[in-house]
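In: Output the structure for:
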Amino acid sequence: MRFLQFSRMTSLCLLSGGVLSSLFWSGCAQPPAPPPPPAAQVTSSTPVKTPIVEWDEYVGRLDPVDYVEVRARVSGYLDSTNFQEGQIVKAGDLLCVIDPRPFEAEVRRTESEIRRALSQVRQANATVLQVEAEVQEAQARFDLAQKQLARSQKLVLQNAISQDDFDIRDSEVSQASANLKAVQARLELAKTAILSAEAAVNSAKTQQVIAQLNLDYTQVKSPITGRVSSRLVTEGNLISGGAAQSTLITTIVSIDPIYCHFDADEHSFLKYSRLAREGKLGDSREVKHPVYVGLGDEEKEFPHPGYMDFVDNRLDPETGTMRCRAILSNPDLSLTPGLFTRVRLPGSGRYEAVLIPDSAIGTDQSEKFVFVIDAENKVNRQVVKLGPLVQGLRLIRSGLDGSEQIVLRGMQRVRPGATVVATHEATVPQADGLPTDSQPVPKEQWLSRQVHEPRGSAGSVDGKPVLKADARLRK
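Out: Down below sits the predicted model:
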């Protein structure tokens, strides 16, 4: 009985050992190698090589070339307004009229003063003629008295006349001489009266000119061509004229041409200065670089051409920026002062550039890279340095020479060293409304400034300044 139990236990132990031995040897056997993964499907492309100009972008604001506060030069009651609020007025157009009656009366008074002064001149001239006749008469009497005295001297020596008769002749000469001097003095006084009367005429004429100017000033005219604002004074109100405390009637801003002001940061200013020193880009103070402007609703286009017109002489110490100004043509009056704009101006000379789509660029911490496919269809990681967007593509400053084949789509499915199956797709630049070259604007294409109403002119200006955009600016 004990023997049978021992045999069973021995059999179980042997069976268990065999199973464990089989498991051990089966675990030590080498599994078969898995098959290699299939090559990833990607879309590839070749970078675009094309000559470009880098166009720097700034935020600007439109400002009028001319801004005028319309104020009266004379005081009086506002009689009428002759403009439509918010409309275009031309230089010389009548804006409003101040009650002219007091000034018309002043003109008539000064005209009367002129006539009175002229009559005084005529009277003085007549007096001079009369006194000149008296001078001639007194001179004749004096000459006669001298002749009679000379004859009396000979006769008294011959005892032909008495001494008393001689003394009478001598006294007659003295009287004639005194009378002549008195009449000559009256002549000088009469001539002085002429000068005084003529001065009174000139003074009266000056007063008449001033009175006429004040009368002309009752018609308030537009000094510039532009868009007028609202009326700030209604008819019947008393308007104060003159330089101090004068009443503001309305304002006018010129529209065509129009300024665009923007601020360039210090780094950009130093870059432009360096390019100018190297001869790669002209100095904006010396040449008129073209600029292109887009409004807030013109996201991808810059349809408004112009050129650089002014660069300030110093950087603002508070903001560290340089104030710059462009001038634009505005023939359709679509540009309004106060609008914010996007300004593009050349930031480089023309050169051959390498461009790729943004979808081909990967990011690894602070580095930008692309996957380059070699001749064996293996992927290599290439670090690149990026520039701005040009024609819808990203400018590559370094890392590519334009002959490579890069992964365009499917970057998430590949790793460096992996083999890929690439489907080639051509990269086509997109038009961004900017030219691929930048030439200074020649002088014959410069825009004319605002035409002002000449001082003293009472009529309107018929000639309109030539402000049309030249299509050659965009070539």
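
In: what sits against Val441?
Out: Lys288, His289, Pro290, Tyr307, Leu473 (Cβ atoms under 8 Å, 6 or more residues apart in numbering). No exception for glycine: its C-beta is placed from N, CA and C like everyone else's.

In: Give me the helices and strands touching the longest helix seen in the chain, please.
Out: Criterion DSSP state H: the longest helix present in the chain is helix 101-157. For helix 101-157, the packing partners by 3 or more Cβ pairs under 8 Å, 6 or more residues apart in numbering; DSSP states H and E come out as helix 163-217.

In: Report the distance from the helix it packs on to the chain centre.
Out: 62 Å (Cα atoms, centre = their mean, to the nearest Å).

In: Which parts of the helix or strand just after it count as buried, going by neighbours?
Out: Downstream of helix 163-217, the next assigned helix or strand under DSSP states H and E is strand 219-221. Of the residues in strand 219-221, Val220, Lys221 count as buried by neighbour count, 16 or more other Cβ atoms under 10 Å.

In: what packs against strand 219-221?
Out: Against strand 219-221 (3+ Cβ pairs under 8 Å, 6+ apart) you get strand 94-98.

In: Name the residues of the strand it packs on that are buried.
Out: For strand 94-98, the buried set under the neighbour-count rule, 16+ other Cβ under 10 Å, comprises Leu95, Cys96, Val97, Ile98.

In: same deal with stretch 74-94?
Out: In terms of neighbour count (16+ other Cβ under 10 Å), stretch 74-94 has its buried residues at 74-76, 78-79, 81, 83, 88-93.

In: from the contacts of Val441, which is closest to Lys443?
Out: For these, the closest approach to Lys443 (Cβ to Cβ) belongs to Lys288, at 8.1 Å.

In: Residue ranges in the stretch 151-300 of the chain under the pLDDT threshold?
Out: For the stretch 151-300 of the chain, residues meeting the criterion pLDDT under 70 lie at 156.

In: Which positions within the helix or strand harbouring Thr251 qualify as buried?
Out: Thr251 belongs to strand 248-253 when assigned by DSSP H and E. Using 16+ other Cβ under 10 Å as the test for burial, strand 248-253 gives Ile249, Thr250, Thr251, Ile252, Val253.

In: what's the distance between the residue nearest the centre of the chain and Gly306?
Out: The centroid of the chain falls nearest to Tyr259 when counting by Cα atoms, centre = their mean (3.7 Å). To Gly306, Tyr259 is 9 Å away according to Cβ to Cβ, to the nearest Å.

In: do the same with Ala190
Out: Between Ala190 and Gly306 the computed distance is 71 Å (Cβ to Cβ).

In: Compare those two (neighbour count), which wins?
Out: More neighbours surround Gly306 than the other of Ala190 and Gly306, with 28 against 19 (other Cβ atoms under 10 Å).

In: Tell me if that one really is in a strand.
Out: Yes: counting by DSSP: H, G, I helix; E, B strand; the rest coil, one finds Gly306 located in a strand.

In: From what I see, it and Lys288 are in contact.
Out: No: taking Cβ atoms under 8 Å as the definition, Gly306 is not a contact partner of Lys288, at 9.3 Å.

In: what's the overlap in contacts for these two?
Out: When contacts are counted by Cβ under 8 Å, 6+ apart, the set common to Gly306 and Lys288 is empty.

In: returning to that earlier point: give me the beta-bridge partners of the residue nearest to the centre of the chain?
Out: Under DSSP bridges, the beta-bridge partners of Tyr259 are Asp63, Ile327.

In: Go ahead and confirm it touches Asp66.
Out: No: counting by Cβ under 8 Å, Tyr259 does not reach Asp66; the two are 9.8 Å apart.
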